[in-house]
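Participant: Any chance you could fold what I've pasted below:
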Amino acid sequence: MAITSPASYTVTRWSAPDGDWTEPDLHLFPQDGHRYEIVDGSLHVSPPSPEAHEATVRAVVTTLRSSAPPGWWVCDRVGIQMGESNLVPDVVVLRPRSSGSVWCDPADVALVVEIETPATRRFDRLLKPSLYAEAGIASFWRVEPGRATPLLHTYELSGDRYRPVHSIEGAEPVKLDAPYPMRIAPAAWL
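Facilitator: Below is the predicted model:
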């Protein structure tokens, strides 16, 4: 049995910035499934999402794309730069003629969607919606596990915060008008 000495290991080291975390610091991290985001200059790391979460992300993207008018973009994990914060929602709907930059301007974003996991529940329910609202993003959706099917909560911007509009669960399609007209049945996301 060969024993490898510690000297033969290659360890990548990094250090935290002297001040606030900024967008260029995010490039230090590997593409390892974790989600690295910055909130007001502080780093937030979420663990890799379970496969059920990823399947729901794909289903929501498919639903939104199938209803999108020409020129609208539906993307998963596109970053939004908002002042000292860099957030990465699960799904983003971009308006026509968006800038197309790596980090979107909130003015280009018509809708953000967060799909809850046990590790992100509080972040998705409390902190992220307040930052999206502060940035002026018109619509926010939050998807949580329901009793039998996913439960979709829709919100629209009212002043500087979101007001609830719908809570939708099940196989019966419900008509929504924002960010564009569509019919949604969360049971289809299973």
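
Participant: who's in contact with the closest residue to Thr120 other than its chain neighbours?
Facilitator: Leaving aside its chain neighbours, Thr120 sits nearest to Ser46 (5.5 Å; criterion: CB to CB, 6 or more residues apart in numbering). Every C-beta, even on glycine, is put in place using the N, C-alpha and C of the backbone. Residues near Ser46 by CB atoms under 8 Å, 6 or more residues apart in numbering: His34, Arg35, Glu37, Thr117, Ala119, Thr120, Phe123.

Participant: And for the worst-scoring helix or strand of the chain on mean pLDDT, what's in contact with it?
Facilitator: Within the chain, no helix or strand scores below strand 103-104, which has a mean of 94 by mean pLDDT, DSSP states H and E. Residues outside strand 103-104 that contact it (CB under 8 Å, 6+ apart) are Glu23, Val78, Gly79, Ile80, Gln81, Asn86, Val92, Leu94, Ser98.

Participant: Please, where are all the helices along this structure?
Facilitator: Secondary structure of the chain (DSSP state H): helices located at 51-67, 121-122, 128-134.

Participant: Among the ones you listed, which comes closest to Ala107?
Facilitator: Among the helices of the chain, the nearest to Ala107 by CB to CB is helix 128-134 (12.6 Å).

Participant: Out of the contacts of Ser46, flag the one nearest to Arg147.
Facilitator: Using CB to CB, the contacts of Ser46 come closest to Arg147 at Thr117, 17.5 Å.

Participant: about what we covered before: please list only the buried members of the contacts of Ser46.
Facilitator: Among those, those classed as buried by neighbour count (16 or more other CB atoms under 10 Å) are Arg35, Glu37, Thr117, Thr120, Phe123.

Participant: Identify the residues contacting the second one.
Facilitator: Put plainly, it is Glu37. Contacts of Glu37 by CB under 8 Å, 6+ apart are Leu43, His44, Val45, Ser46, Ser85, Asn86, Leu87, Val88.

Participant: tell me the contacts of the closest residue to Trp141 other than its chain neighbours?
Facilitator: Nearest residue to Trp141, sequence neighbours excluded (CB to CB, 6+ apart): Val113, at 4.4 Å. Counting by CB under 8 Å, 6+ apart, Val113 makes contact with Val60, Leu64, Pro89, Asp90, Val91, Val92, Val93, Phe140, Trp141, Arg142, Val143.

Participant: Go again with 10 Å.
Facilitator: Contact analysis of Val113 by CB atoms under 10 Å, 6 or more residues apart in numbering lists 56-57, 60-61, 64, 74, 76, 89-93, 124, 139-143, 152, 154.

Participant: Derive a ChimeraX selection command for the buried subset of those residues.
Facilitator: Buried members of the contacts of Val113, defined by 16+ other CB under 10 Å, are picked up in ChimeraX with:
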select :56,57,60,61,64,74,76,89,90,91,92,93,124,139,140,141,142,143,152,154
